[in-house]
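**Q** Need coordinates for the below:
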Amino acid sequence: MKKSHFFKPAQKLTQDSHWVALVGNPNCGKTAIFNLLTGLNQKVSNYPGITVEKKEGTVYAQGDKTFNLLDLPGTYSLSAESFDEQIVSDQVLSWAKGENPPAVIVSVVDASNLSRNLYLTTQLLDLDIPTIVVLNMMDQLKDSSQIEIQKLKKELGVSAVVPISAKMNWGLDALKSAIQKSLVNLAQTNHQSQWINQDISHQIKLLIEPHFSSSKFAAAHALRRISRNESLNGENSNIEAIRNSILELGYNTDTLEATLRYKWIDGILPFVQPKIRTKIQKETRSERWDKILTHPWMGPAIFMAILYFIFQSIFTWASIPMDWIQAGIDNIAIFVLSNMSPGMLRDILVEGIIGGVGAIVIFLPQILILSFFLTVLEDTGYMARVAFMLDKSMTKMGLHGKSILPLMSAYACAIPGIMSTRTIDSWKERLVTILILPLMSCSARLPVYTLLISAFIPPITVGGYFNLQGLTLVVMYFLGTVTALILAKIFSRFIKEKSSSSFVMELPPYRVPITRSVIRQVFIRGKLFLVNAGKIIMAISILLWFLASYPKVDSSLTDVNPIHHSYAGKIGHAMEPVIRPLGFDWKIGIGLLTSFAAREVMVSTMATIYNVEDRGDETVNLREAMRNDVDEKTGVPVYTPLIALALMVFYVFAAQCMATFAIVRQETNSWKWPLFMIAYLTILAYAGAFIVYRGGLLLGYS
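**A** Next comes the predicted model:
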């Protein structure tokens, strides 16, 4: 395998004789088990590739005993094909060399697909570390495929085989008990029978490396090197000679390990699943659904309809709770104004904190609705179908089928989207995906879109069905997505890579989302949004209040607007010549500047400026304030639907979000790419807004 340009060595874990490793295939329920055992809230989904880095937690077992649990990314085997699989491969390799190995390995297996899942289990058994096999998703097994637990334990030679269902939340106590017993009896090892036959063992003995703690793992590692034609310390001649000898025995060297392991697995399955009979399989319900949802033309049409429904729901469902939150914020402001003496502290609370932070908090319902739909789409297994359906189109645009998950994740936040690109095998396709991810409209842009749409786009019906506000929101998301795909095609022409990667993906069965999992993910997203409002936005709102309130202007000058002479006013007016061609004024200029911390800060910035400018007895309704704002000299509206549209287009492309570029720096291990992203996104945003505004003026719009 060609090493990724982004490869970083696995971090060494803290020395601890009582820590347990959780390993399994993608989408086998491994992280769900981790959450149930530790009480943590790592993201789970019915889609492979959700866990892309190591997660650690503490499990509290019986008798006040505790042990540390490590959740590794999902992988199908130790022959790594992507960055996240490389993390697992390197970690296991270090254990084989005696570098802080776990006391116990928990191998999580999808019980409904035993043959495929046991492949990784057999690789882990070679380590001679006490291993527990967890048969997850036992609730999905039919009577005809029940597993003989004790026979499987005997054939694998493991410490225990524990049937559980993470979805139904049963079997966890038995798993904890099995882990505790294994931790007490650390001298126990696995007794798996030999899966490498004698003629192959004789051929590979020259490549066995002596520094491995397990002779079985050393032999298996040598076998993997032969399959990958991987030399070590100038052993090219040995590798070639051995491969030729194995070919003469009638084996395919490229699939040698898989051939031998599956031969062994197929040999034990009749004993552990005796009720399975080879017969013509009936078409499953998932297959019937797939004929419709992945159809060449019905599939994309259904996907677009789902997206439109989501964006329409964001407006229609969120309106009432938004009004409730706005009323609550107004009541808090009135309470503070009524019970505090006039002064700087009261002004900071009402105009800065309540006005600034409150202007963002009212958009919480929309964030929760978007998070709910994205979580449901992932948990049902539909997003895996979207990836499969769009793979051909993605390939034509220089992307990878696995790019779908990062791109869809970026609708919530670009940062987890960028991190999930680790599942992409090709470094070129991974880099191209990273470069275009900021163009996917994240939830931080949603408050900006919603503010401008609700203030300037009338809620009329178009074509007898489509709501214009919802349609405008769809257009903003569509514009970012289409631009991202066009740029992906351009970038892929300039970023060269000799090797290409194929897209092989297992489609998970359709599943009813677990209610607690959906609620957990929506809660986490909402919590992150509010925490962000409580930290970054509050700090910026307070700072901006000072900048907008000082220096003080002589109160006798009644014809002077104090905010124009404040520090914020001076900064904004200094920016105005640059942004005036876009139709933007100094207030928007301040918003563009502060939103580099986070895009949604744009909304709180405008709210703080209007609250300071108004100095009324309650907080300003930002939508009404912007809609009714007029030029003091000409009486012409400061903001119009055309300016609002230009500003939305600017934010579709804008580079504002320093946290995103920090994570790009981390993932690419270079300043080159984040700086390039800032430059091209800023130019694109300015050009897009300029074309919309100037084009609108030429067409007669004002």
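**Q** which SS state does I354 fall under?
**A** Classification of I354 using DSSP: H, G, I helix; E, B strand; the rest coil returns helix.
**Q** now it, nearest residue through space, not along the chain?
**A** Of all residues not flanking I354 in the chain, A333 sits nearest, at 5.0 Å (CB to CB, 6 or more residues apart in numbering). Quick note: C-beta positions are derived from backbone N, CA and C, even for glycine.
**Q** same thing with Q180?
**A** A61 (5.4 Å).
**Q** quick one, what contacts that neighbour?
**A** Listed by CB atoms under 8 Å, 6 or more residues apart in numbering, the contact partners of A61 are F67, K176, S177, I179, Q180.
**Q** Return the member of the residues you listed nearest to F466.
**A** Proximity of the contacts of A61 to F466 (CB to CB) peaks at K176, which lies at 53.4 Å.
**Q** Show the contacting residues for the closest one.
**A** L37, V59, A61, Q62.
**Q** Figure out the helix or strand that it lives in.
**A** According to DSSP states H and E, K176 maps onto helix 172-184.
**Q** ditto for V134
**A** For V134, the host element (DSSP H and E) is strand 131-136.
**Q** List the buried residues for the helix or strand that that strand is followed by?
**A** Sequence order places helix 149-156 as the next helix or strand after strand 131-136, per DSSP H and E. Neighbour counts over helix 149-156 (16 or more other CB atoms under 10 Å) mark I149, L152, K153, E155, L156 as buried.
**Q** lowest-confidence helix or strand of this structure?
**A** Ranked by mean pLDDT, DSSP states H and E, the weakest helix or strand in the chain is helix 198-204, scoring a mean of 69.
**Q** next SSE after it?
**A** Remark: after helix 198-204, the chain's next helix or strand is helix 215-227, criterion DSSP H and E.
**Q** could you say what helices and strands that next one packs with?
**A** Here helix 215-227 touches helix 83-96, helix 198-204, helix 236-248, helix 256-272, going by 3 or more CB pairs under 8 Å, 6 or more residues apart in numbering; DSSP states H and E.
**Q** can you redo those as CSV with mean neighbour count and distance to I590?
**A** Formatted as CSV, these follow (neighbours: other CB atoms under 10 Å; distance: least, CB to CB, whole Å):
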stretch, mean neighbour count, distance to I590
helix 83-96, 22, 40
helix 198-204, 16, 68
helix 236-248, 14, 64
helix 256-272, 17, 60
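**Q** Adding distance to F388, write these out as a markdown table.
**A** Listed next are these as a markdown table, based on distance: least, CB to CB, whole Å:
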| stretch | distance to F388 |
| --- | --- |
| helix 83-96 | 19 |
| helix 198-204 | 36 |
| helix 236-248 | 34 |
| helix 256-272 | 23 |
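**Q** circling back to that earlier point, out of the contacts of A61, what pair is the most spread apart?
**A** Maximum pairwise distance among those (CB to CB): 12.3 Å, between F67 and S177.
**Q** Look at the two and report which has more neighbours.
**A** F67 (21 against 14; other CB atoms under 10 Å).
**Q** so what's that one up against?
**A** Shown in contact with F67 (CB under 8 Å, 6+ apart): H18, W19, V20, T58, V59, A61, A103, I179, Q180, L183.
**Q** hey, where'd the strands end up in the stretch 1-150 of the chain?
**A** 19-24, 55-60, 66-71, 104-110, 131-136 (DSSP state E, counting those that start in this stretch).
**Q** among those, which is nearest A685?
**A** Among those, the nearest to A685 by CB to CB is strand 55-60 (35.6 Å).
**Q** Can you give the distance of the closest one from its chain's centre?
**A** Offset of strand 55-60 from its chain centre (CA atoms, centre = their mean, to the nearest Å): 21 Å.
**Q** Can you mark which positions in it are buried?
**A** Judged by neighbour count (16+ other CB under 10 Å), strand 55-60 contains these buried residues: K55, G57, V59.
**Q** If we only consider the buried residues of helix 149-156, which is nearest to I519?
**A** I149 (32.6 Å).
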